[in-house]
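*Asks:* fold the following and give me the result.
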Amino acid sequence: MTPMQKAQQNTSSRDKFRKRFSPLTLRIYVIVIFPTAMFLIGLLHLDQYRQTVLQSEIDALYRQGNTLAWTIGLTDREYSELARRQISSLTLQRASQLIASIPDARIRIFQPDGQMISDSARDGTALPRITLNPRLLEDRGLMSPFQHVIDRIAKLLAPNDNYPVYQEKPQQMASDFPAVLNALAGEPGRLVMRDRKGKLILGIAVPIRHLRVVRGALLVTASGAQVEADIRSVQQTFIQIFLGIMVVTIGLGVYLARSIIGPVSQLARAADAVRQSSGQNLSLPKMMDRRDEIGDLARDLAAMTDELQTRMQATASFAADVSHEIKNPLTSLRSAVETITRLDDREQQKKLMDILLEDVKRLDRLITDISAASRLDADLSAAEFTRVDLSGLIRNFISSRIMAHGESRIRIKASLPDGPVYADIVVDRIVQVLDNLFANARSFSPDGGEISITLQQDGDTAVVSMTDQGPGIPEGKVEAIFDRFYSERPKDEKFGQHSGLGLSISRHIIEAHGGTLSASNLRDDGDTTAPTGAVMTMILPISRIQDQDPVA
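*Replies:* Residues are numbered from 1 along each chain as shown. Here you go, the predicted model:
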């Protein structure tokens, strides 16, 4: 496979991928879904809410445990000697009744030496009981697998859920619980653990005092299932909210993708089709009827395609016209060269050489004008427009032509306004137009005739007219004279003196300035009393700023 074929294959594969997964579509989905995903992560985390609920449960345990410890301390005062630093057996008997009054918790009592002397779970005074949220029963249904996934994700996103694992030992000591050691030292402590099944265990340890003497420590533990149930309930609620937001978000993403990316992709494919078919018209009627930026783009692409097709046709027509115009003098040259070799008469040879010289001059003039016409668009696009006073420009133009040609054969009459008339123009090109129109009028004007040049301001436009006293434009040729290579010359003028591009170039220059160039006759059809002559009318938009000095 050649490198070109590989490149084409890669391009085809890339195009197929873009048709299925447009990069812009993916970007829209990412931009739309990203804030929602961040919202979900924040909801799954819920670390602040978790800590608040845990603290609330621990505070409740602390109030129960502190009350129980204070009561045991008062009971111990009745059965203990003043110097003893441990809880008496009679106190434990009385305390068992108090412990039984708190059935939802497991209560353990430790002596100051760290030995556990009472455990409600083992003594049979109370059994651990877990109160479950009714919504936990729903987890066994449809939400169970989904909630399991949510729990796994929440655990990954919760950096503070690194609680130690609780292990039930046959003989427990205070050293197994750091919080109990703190309580024996006189300071209450808290603990949060998980059992081997991952269930949450909450607890508090408080000192048992009598006459400010620590007689032992009380450890109260309870299941944290209610906390996890509350957190899970909040998670489920917010997950439902998230799913609703996600559905709306995806719907908006699909709408944006269909209303923006789809039309843009269709326009791109249409533009590529135009490229491959050499400038055929774009057919996008539904898009061009849209009243948004997509419609503007579709209309601009269609206009660009029309302009491209027009220029391609103009280029082909120009090439055909150039070929035709150059072929005539070349044919004449060939005929003269073939004939001159067969002639012995010096006089006839001289005439043929004169014909050869005229044809060469004609070719040179024709090629020069063709070159100027072909570079016209590029020159105008790169030219700098200058704000110029048209009155002063025309006045200087008339003075230069009088100096060059004199007024012995042709008189020049000017009618210009007193004040300046500014326009943004390319000075050299407007002078070229005036020179072409003047040369055309001078060639048709009789000896002693007059060429009239007028300038008027008509609203937002400047109107320049040049009138001669020649025979006028032939009937039906008012527009044809602006065609390329069209030549309608005086009868006494030698053939081949003009290429027929002057008026065509002049109109192109004026249109590039946003104006128009037209022709008309002084005498209407059938009116034999009116003077003869042709009128060339040039209309240019004037500048909005009319209060500055003219450019010299």
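
*Asks:* C-alpha only now, for contacts and for neighbours.
*Replies:* OK.

*Asks:* list the buried residues in stretch 331-344.
*Replies:* L333, A336, V337, I340 (16 or more other C-alpha atoms under 10 Å).

*Asks:* and what of stretch 292-311?
*Replies:* Going by 16+ other C-alpha under 10 Å, stretch 292-311 has these buried residues: I294, G295, L297, A298, R299, L301, A302, T305, D306, L308, Q309.

*Asks:* with stretch 355-363 instead?
*Replies:* Per 16+ other C-alpha under 10 Å, stretch 355-363 contains these buried residues: I355, L356, E358, D359, V360, R362, L363.

*Asks:* so who does the fifth one touch?
*Replies:* To tie it back to what came earlier, the one meant is V360. When contacts are counted by C-alpha atoms under 8 Å, 6 or more residues apart in numbering, V360 touches P329, L333.

*Asks:* quickly note the distance from it to G459.
*Replies:* Taking C-alpha to C-alpha, to the nearest Å as the measure, V360 falls 48 Å from G459.

*Asks:* also the last one?
*Replies:* Distance of L363 to G459, computed by C-alpha to C-alpha: 44 Å.

*Asks:* try I107
*Replies:* 102 Å.

*Asks:* more neighbours: which of the two?
*Replies:* I107 (28 against 9; other C-alpha atoms under 10 Å).

*Asks:* quick one: which helix or strand includes the more buried one?
*Replies:* Using DSSP states H and E, I107 sits in strand 106-110.

*Asks:* sheet partners, orientation included, of that strand?
*Replies:* strand 116-119 (antiparallel), strand 213-223 (antiparallel) (DSSP bridges).

*Asks:* tell me the first helix or strand C-terminal of the shortest one.
*Replies:* Put plainly, it is strand 116-119. helix 120-123.

*Asks:* and the helix or strand harbouring I241, what other elements does it pack with?
*Replies:* Using DSSP H and E, I241 sits within helix 225-256. With contacts taken as 3 or more C-alpha pairs under 8 Å, 6 or more residues apart in numbering; DSSP states H and E, helix 225-256 sits against helix 23-45, helix 47-79, helix 135-138.

*Asks:* weakest of these by average pLDDT?
*Replies:* The stretch with the lowest mean pLDDT among those is helix 135-138, at a mean of 42.

*Asks:* how many other residues sit next to P207?
*Replies:* 30.

*Asks:* am I right that it falls within a helix?
*Replies:* No: using DSSP: H, G, I helix; E, B strand; the rest coil, the assignment for P207 is strand, not a helix.

*Asks:* sketch out the low-pLDDT regions of the stretch 101-250 of the chain for me.
*Replies:* 101-103, 123-147, 149-161 (pLDDT under 70).

*Asks:* got the contact list for A69?
*Replies:* V206, P207, I208, R209, A217, L218.

*Asks:* beyond the helix or strand where K327 lies, next helix or strand please.
*Replies:* Assigning secondary structure by DSSP H and E places K327 in helix 293-340. Heading C-terminal from helix 293-340, the first helix or strand you meet, by DSSP H and E, is helix 346-374.

*Asks:* buried residues in the next helix or strand after that following helix, which are they?
*Replies:* Counting by DSSP H and E, the next helix or strand C-terminal to helix 346-374 is helix 376-382. Neighbour-count burial for helix 376-382 flags L376, L380 (criterion: 16+ other C-alpha under 10 Å).
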